[in-house]
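Peer 1: The following comprises the amino acid sequence and a computationally predicted model.
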Amino acid sequence: MTGKRTKEQSAAVQFIRRFFSRGIIVKAATAIVLLFIIGMILGPVITPYDPNAINLREFLSEPSWKHWLGTDVQGRDVMTRIMYGARVSMVACFFACLGSAVVGIALGLIAAYWQGSIWETLIMRYVDFQMSLPAMLITIIAGLFLGYGLVALIIAMGIGYIPSYIRLIYSVVIQLKESDYVVALRLANVKSFQIIFRHLLLNSIPSAIVMFAMNLGKAVMLESTLSFLGIGIQAPQASWGTMVSDGYEYIFRRPVLCLAPGICITLLVISFNIIGDSLRDTLDPRLRGRI
Amino acid sequence: MNSLTRYIIKRILISLLVIVLAGVFAFCVIRFVPGDPIRAMIGSDADEAAVEAARRSLNLDKPILTQMQLWFGNLLKGNLGRSLVLNDSINNIFAARIPTTLSLSIPAFTIAIIFGIFFGTVCATHRGSMIDQILTVYIAGTNGVPIFWLAILMMNFFGTRLGWLPVLGYVKPSEDLGQWFLHAVMPVALISLQPLAAVARQVRTNMLEVIGQDYIRTARAYGVSETRIKYEYALRNALIPVITVVALQVPTIIGGSMLIEVCFSIAGMGRLIMTSVSNTDYLVIQALVLFISVVVVLCNLLLDIVYGLIDPRIRLSSGGK
């Protein structure tokens, strides 16, 4: 029991070591994501301001010790709004990706395991159909049905990412299904249910994790774009996308209003992409040792 | 029947199935959207009789199967219906906007493919060099920068500050080619940004993979010149999988032009999507969904066929069954 446990631990430690040994960029990306998560959780403790409190006496003030990034046109502290914006954005994106992962993995498993059945045709053609539309359009149409609010936004964005998981899991499981040990399990009359959950599902989780990290980056981008267009997170709630569109009018007087949220989006998306890439390379034995 | 015809027929059947699915989905939009879509379209102050008349004119009072039959019948005739909000036939609305969007997205697509292949090849052949590193950072950067934000910064910098380029609006190339070019530079550059990075990345990976293959080593051993190996042997084989990535860029280009047309206030298909959503113009939305998926599916079909023509391995593996 103890022996097995230390072995598992060392595998995890090994994985983490290998992940971080890939260079300074991975470390920096992880640090940036952690920084945003800390800012997001501790936001209310760090900053004394209310993100939505209007204070017209201090509108468009310059960055100072009191307001690190200055204030916007309604006198709201920009730093505070960025931290609260991270909250909404990360929560929305995390749950959208999680939900789409669960549904997508389930459908992918079904399509791949019952290959040749009507379910496979329906699921895979649905994937083709949805992949033929831009993710933004899918989300906007879903918004028509669901209305505009945080939960509706999460579901609408989640729907956009389902096909990516279906395609991935489908291709992974189809390969796994032909591997000797699964054939052996079938010959030993192990129930389909058990093969799917115990073996196929567990073995496709690593690839799904990589896809999850990649989609997190895309979701942050999508959420900010939708908010920028005014159909994502609604005012007065802070969101990086709305902060860019609000700050645009004052780009000459206070460029920081427009620059700061944009830089945050860029940093976060690039970090998620780098983490996703590194996870894939670490999990894929063929790519081990390359940059 | 040889494998190529079988492959093409199979691709066509699959595309048809996807188009039918898109038609069914578009059919559902107006029928299952919550609230009263008819009232939302003709205005909340319209009286009951007008709503009823509009409902009848859209055949919404008939049994659902008849409705579906009429819907597909009209589509086969090429009739997309009539917008109740803009009070114009949707065919006319589309016809006025499609050239605008095409005049931006076709150059963007071309630039993305040509420069993507060029950058990817340069990266792979100069692996690890300064130029490779710069381009790798560029690729990672374009995937992370929000396009709308970049659009704002570029409009501000090149348009307002330097005064080099016009900030908003659009001029038809048929009216004034020079003005069209000036108006199109920033939108085209922004739309092509992400597809270009995706193509470059794929070309780089494929080139590196191909260069490691045995037949390249054999060619080297035979004394074939390095340039010929790189461009004739490696690039040609590396480009085959790139077709898939190019096909995947079609929706990205459409999504990109949606956003860019809104940012630069260009009256194309992309802005039509956004205005129809804010006007709750469901009839235009359903026509748009159908139209976009048909365009993308046809592009994919074309590329699939090209793929099958170029690479015999593809048609044998997926069409031979």
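Peer 2: Everything's here; your move. Numbering: from 1, shown residues only, chains lettered A, B, ... in the order given.
Peer 1: In this structure residue B:250 contacts residue B:296, no?
Peer 2: Yes. Using CB atoms under 8 Å, residue B:250 is in contact with residue B:296, at 5.0 Å. The way it works is simple: take the backbone N, C-alpha and C, and place the C-beta from them, glycine included.
Peer 1: Near chain A, which residues of the stretch 101-250 of chain B? Just list them.
Peer 2: By CB under 8 Å from any CB of the partner chain, the residues of the stretch 101-250 of chain B that approach chain A are B:140-141, B:143-149, B:152-153, B:156, B:248.
Peer 1: What's the PyMOL line that selects buried ones from these?
Peer 2: Only the buried members of those enter the following PyMOL selection, criterion being 16 or more other CB atoms under 10 Å in any protein chain shown:
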select buried, chain B and resi 140+143+144+145+146+147+148+149+152+153+156+248
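Peer 1: how about a markdown table for the residues of the stretch 101-250 of chain B next to chain A, with pLDDT added?
Peer 2: Putting those into a markdown table (pLDDT from 0 to 100) gives the following:
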| residue | pLDDT |
| --- | --- |
| B:140 | 79 |
| B:141 | 83 |
| B:143 | 83 |
| B:144 | 85 |
| B:145 | 90 |
| B:146 | 89 |
| B:147 | 89 |
| B:148 | 89 |
| B:149 | 90 |
| B:152 | 87 |
| B:153 | 88 |
| B:156 | 84 |
| B:248 | 82 |
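Peer 1: quick check, nearest of the residues of the stretch 101-250 of chain B next to chain A to residue A:96?
Peer 2: Nearest to residue A:96 out of those is residue B:146 (CB to CB; 17.3 Å).
Peer 1: For the chain, give me the ranges with low pLDDT.
Peer 2: Using chain A. For chain A, residues meeting the criterion pLDDT under 70 lie at A:1-9, A:22, A:56, A:60, A:66-68, A:73, A:75, A:284-291.
Peer 1: hm, I was asking about chain B
Peer 2: Residues of chain B that meet the cut-off, pLDDT under 70, sit at B:1, B:312, B:314-321.
Peer 1: and the residue nearest the centre of it, what element?
Peer 2: Nearest to the geometric centre of chain B sits residue B:250, at 2.8 Å (CA atoms, centre = their mean). Applying DSSP states H and E as the criterion places residue B:250 in helix B:242-263.
Peer 1: Same question for that helix: list its buried residues.
Peer 2: Quick answer for helix B:242-263 (16+ other CB under 10 Å): B:242-243, B:245-263.
Peer 1: what do you get for stretch B:156-163?
Peer 2: For stretch B:156-163, by 16+ other CB under 10 Å, it's B:156, B:158, B:159.
Peer 1: again with stretch A:236-252
Peer 2: For stretch A:236-252, by 16+ other CB under 10 Å, it's A:237-248, A:250-251.
Peer 1: and if you look at stretch A:255-273?
Peer 2: A:256-262, A:264-273.
Peer 1: Chain B next: which of the residues you listed are close?
Peer 2: A:258, A:261, A:262, A:265, A:266, A:267, A:269, A:270, A:273.
Peer 1: The residue of chain B found nearest chain A: what's it in contact with?
Peer 2: Closest to chain A within chain B is residue B:255: 3.0 Å, counting by CB to the nearest CB. Contacts for residue B:255 (CB atoms under 8 Å, 6 or more residues apart in numbering or on different chains) come out as A:134, A:135, A:136, A:137.
Peer 1: which SSE is residue 108 in?
Peer 2: Reading this off chain A. helix A:78-113.
Peer 1: wrong one, chain B
Peer 2: helix B:90-125.
Peer 1: Disregarding residues adjacent in the polypeptide, which is nearest to the most centrally placed residue in chain A?
Peer 2: In chain A, the residue lying closest to the centroid (CA atoms, centre = their mean) is residue A:216, at 1.5 Å. For residue A:216, ignoring the flanking residues on the chain, the nearest one in space by CB to CB, 6 or more residues apart in numbering or on different chains is residue A:272 at 4.7 Å.
Peer 1: what's around residue B:227, how many residues?
Peer 2: For residue B:227, the count of nearby residues is 9 (other CB atoms under 10 Å in any protein chain shown).
Peer 1: Could you look up the next helix or strand downstream of the one helix or strand it maps to?
Peer 2: Under the criterion of DSSP H and E, residue B:227 resides in helix B:226-228. Under the assignment DSSP H and E, the closest C-terminal helix or strand after helix B:226-228 is helix B:235-239.
Peer 1: What are the buried residues along that next one?
Peer 2: B:235, B:237, B:238, B:239.
Peer 1: doesn't residue B:210 make contact with the second one?
Peer 2: Yes. Assessed by CB under 8 Å, residue B:237 is found in contact with residue B:210 at 5.0 Å.
Peer 1: Could you verify my assumption that residue B:119 touches residue B:132?
Peer 2: No. If you go by CB under 8 Å, residue B:119 and residue B:132 don't touch, sitting 9.8 Å apart.
Peer 1: who has more neighbours, those two?
Peer 2: residue B:119 (23 against 17).
Peer 1: Over to the spatially closest residue to that one that is not a sequence neighbour. Which of the three states is it?
Peer 2: Excluding the flanking residues, the one nearest residue B:119 by CB to CB, 6+ apart is residue B:200, at 4.1 Å. Following DSSP: H, G, I helix; E, B strand; the rest coil, the label given to residue B:200 is helix.
Peer 1: can you pull the contacts of residue B:200?
Peer 2: Contacts of residue B:200 by CB under 8 Å, 6+ apart are B:115, B:116, B:117, B:119, B:120, B:123, B:135, B:139.
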